[in-house]
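Engineer: following is a predicted model, sequence given first.
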Amino acid sequence: MSYYYFYILFSRQLDIFYIGHTGNLEERLRKHNTNHKGFTGKANDWEIVYSEEFDTKSGAY
């Protein structure tokens, strides 16, 4: 069975929270912490401060 996740990240560097959803929490965090053009690419110290698991994709939204 696949699970979906709602998550909240925090960056100390930017002093800001980020909210998202994904089907693979570990991989998504890794991508947030890599250099890319998106909003979270501005920092590489994102950490999960909250996550919740759902049985359906719509539940994680």
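Structural biologist: Received it, and whenever you're ready, just let me know what you need. Just so we're clear, the structure is a prediction, and the values are computed from it rather than from any experiment.
Engineer: buried stuff in the lowest-mean-pLDDT helix or strand in the chain?
Structural biologist: Using mean pLDDT, DSSP states H and E, helix 57-60 stands out as the lowest-scoring helix or strand of the chain, at a mean of 90. By 16 or more other Cβ atoms under 10 Å, the buried positions in helix 57-60 come out as Ala60. The way it works is simple: take the backbone N, C-alpha and C, and place the C-beta from them, glycine included.
Engineer: tell me the mean pLDDT for stretch 46-54?
Structural biologist: Across stretch 46-54, pLDDT averages out at 97.
Engineer: ok, and what's touching that stretch?
Structural biologist: Contacts to stretch 46-54, defined as Cβ atoms under 8 Å, 6 or more residues apart in numbering, come from residues 3-11, 17-18, 25, 29, 32-33, 40, 60.
Engineer: from those, which land in helices?
Structural biologist: The members of those that map onto helices under DSSP state H are 25, 29, 32, 60.
Engineer: check contacts around the third one.
Structural biologist: Think His32. His32 makes contacts with 9, 18, 40, 46, as judged by Cβ under 8 Å, 6+ apart.
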